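>>> just the structure for this:
(2 chains)
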Amino acid sequence: MTTALSRHPVAAPTEVDRRLLARLVRWTAFASMWAWGGITLVAWGVTRSNLGTMGITESVIGSMSMTPRNFIIGFAITLAVGWFLPHVATGGTRRSYVSTTTVAVVLMAAAYAVLLAAAFRIEAALYAANGWPAVINTGHVFTSGEQVGLVLAESFTLNLALGLGGVAIGSGYRRWGGWGGTYALAVTALPALAATAVIELRASSGLGEALGVTGLDAPATFAVLAVLALASLAMAFRLAHGAPARPVGAIR
Amino acid sequence: MSFAVEVRDLSVRYGRSTALEGVSLRLEPGVIYGLLGRNGAGKTSLLSTIAAFQRASSGTVLVDGEDPYENARVMAGTCLVREGGDFPEERVKGVLDFAARLRPLWDAELAARLVDRFELPLDKKVTQLSRGKRSALGVVVGLASRAPLTMFDEAYLGLDAPSRYAFYEALLEDYAEHPRTIVLSSHLIEEVERLFERVIILDKGAVLLEEEAESLRSRGRTVTGPQEVVEDFVAGMRVVGRAQLGRTLQATVVGDLPPGAEQRAAEAGLELGSVPLQDLFVHLTSKGERG
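Next up is the predicted model:
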């Protein structure tokens, strides 16, 4: 019986693979540099344009604060799909891949939150110096970019929910291939959509105002976002567990 | 260090198509196996399931006594190199670093020697490598991983002949110093058969045979000599192959020779030899012989 043989002392890799993590973080940092560079350029362009026409009537960072979220989902999908095959083919487990990807997403969520808070601070100084009104008309739990604690807390929990939502979406593609992963969006994208709704459907946003929705208070918002992040994480682990080590296009 | 493999009643299905059905076999530790089979016989499905690249539809796979699927220790000790390789899209150096990180028994010196031998450009991206160089990279990763269970699934088909022979030589050298369980799946049977200690033949998703290479070779003989004499000698025997050069004929017969046949052959000046595995493989997997 094979089961009676002694086990050989091959050391198993750690659950979070630090060198893979370094690779994922390096790639994310490079991609984010372009994303944030683009956001900065557009913010500058919009400000210049508004100055020459209707003048500055609201916070440009506030109105653009939704943009980095879309990058987070996209980058997280790429992380979930990109290095999976070589990792498993080189003897790593699917579990360790998702664990490592999760750490990369947590770091990305934190970095993006800090960047957004910093952008609000710079904008606040600039607007104060010029006497421009830094009104925020998008859905947020904070009413001013100077509420650093709330900006950081909302941004981090939202980024985390969306990032892990991206990992769940990517794991769906890994599990079921191109078409299957797309059909599965009906389920895999739900937590990320719900997280967006939690923020967007607020009185402060145009949509929330139109629908007459006041939205959740800050603690409840953070709690719901955290639950959605955990739901995505559980889904990602579940989907990756059954994912074959084949190119996405070859999964039947 | 070598892993044993036990496969019991394994079935692998993709939707409605069946790749493997009720496969049972055992791979002894520290042995070089040849895995042969025609296209679609189920070789890749078998190796992929053993390496935990995919789950079995039903049945049991045990590697070193444990289910390999999502088993960190067993997966780290099992290396399956497929044709084209499953490399990250990085430079060759990055791919080797990637493997070194996850393979606990990685031998960097061996990797460096093999990189030199196969003239692999370390700074080139994997996507820029020719098919042959990608195959060579797979060979380097497969050998330098020193995995207790190492499997090459047609991984060296892209290599040119000198590189393939360099691979066979490197494999034997390293195997002699570090014995481990090795499975070679290949269509180049003539080239690799000398490496095999045991042979598994898959046919239509089932194990056709599993036995020692020498015992398999003794299932038949080649008879070489003048055409008329050979034809006369093999009359009534089961001839599965003929090769002729001028007036010299080599006939391949399977099954036991009749009593006294060896003496008759010697008296007739005929040469008896062992059967190439390829001829036996073709014979065993040809339509008329199956089922």
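>>> and the residue nearest the centre of chain A?
A:G163 (2.7 Å; CA atoms, centre = their mean).
>>> that one is in contact with A:I72, isn't it?
Yes - using CB atoms under 8 Å, A:G163 makes contact with A:I72 at a distance of 4.9 Å. All C-beta atoms are positioned from the backbone trio N, CA, C, and that covers glycine.
>>> who are the contact partners of A:L79?
A:L24, A:W27, A:T28, A:T101, A:A104, A:V105, A:G166, A:V167, A:G170 (CB atoms under 8 Å, 6 or more residues apart in numbering or on different chains).
>>> give me the phi and psi angles of the first one.
So that's A:L24. The phi/psi pair for A:L24 (degrees, to the nearest 10) reads phi -60, psi -40.
>>> coming back round to it: any common contacting residues for A:G163 and A:I72?
Here A:G163 and A:I72 share the contacting residues A:V105, A:M108, A:A109, scored by CB under 8 Å, 6+ apart.
>>> select from those residues the one having the most neighbours.
Counting neighbours by other CB atoms under 10 Å in any protein chain shown, the top entry in the shared contacts of A:G163 and A:I72 is A:V105, with 29 neighbours.
>>> in what helix or strand does it lie?
Element membership for A:V105, per DSSP states H and E: helix A:94-130.
>>> can you name the element that comes right after that helix?
Helices and strands here follow DSSP H and E; after helix A:94-130, the next one along the chain is helix A:148-183.
>>> just give the nearest non-adjacent residue to the residue nearest to the centre of chain A, would you?
The shortest distance from A:G163 to any non-neighbouring residue, by CB to CB, 6 or more residues apart in numbering or on different chains, is to A:V105 (3.8 Å).
>>> spit out the contact partners of that neighbour.
Contacts here follow CB under 8 Å, 6+ apart; on that basis A:V105 touches A:I72, A:A76, A:L79, A:L160, A:G163, A:L164, A:G166, A:V167.
>>> can I get the residues you listed in JSON lines with pLDDT?
Below are the contacts of A:V105 laid out as JSON lines (pLDDT from 0 to 100):
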{"residue": "A:I72", "pLDDT": "95"}
{"residue": "A:A76", "pLDDT": "96"}
{"residue": "A:L79", "pLDDT": "94"}
{"residue": "A:L160", "pLDDT": "97"}
{"residue": "A:G163", "pLDDT": "97"}
{"residue": "A:L164", "pLDDT": "98"}
{"residue": "A:G166", "pLDDT": "97"}
{"residue": "A:V167", "pLDDT": "97"}
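>>> closest one of the residues you listed to chain B?
The closest of those to chain B turns out to be A:L79 (CB to the nearest CB; 12.8 Å).
>>> now pLDDT too, for the shared contacts of A:G163 and A:I72, in JSON lines please.
Listed next are the shared contacts of A:G163 and A:I72 as JSON lines, based on pLDDT from 0 to 100:
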{"residue": "A:V105", "pLDDT": "97"}
{"residue": "A:M108", "pLDDT": "96"}
{"residue": "A:A109", "pLDDT": "96"}
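>>> closest to B:V61 out of the residues you listed?
Taking CB to CB as the measure, B:V61 lies nearest A:V105 of these, at 32.7 Å.
>>> alright, I will stop here.
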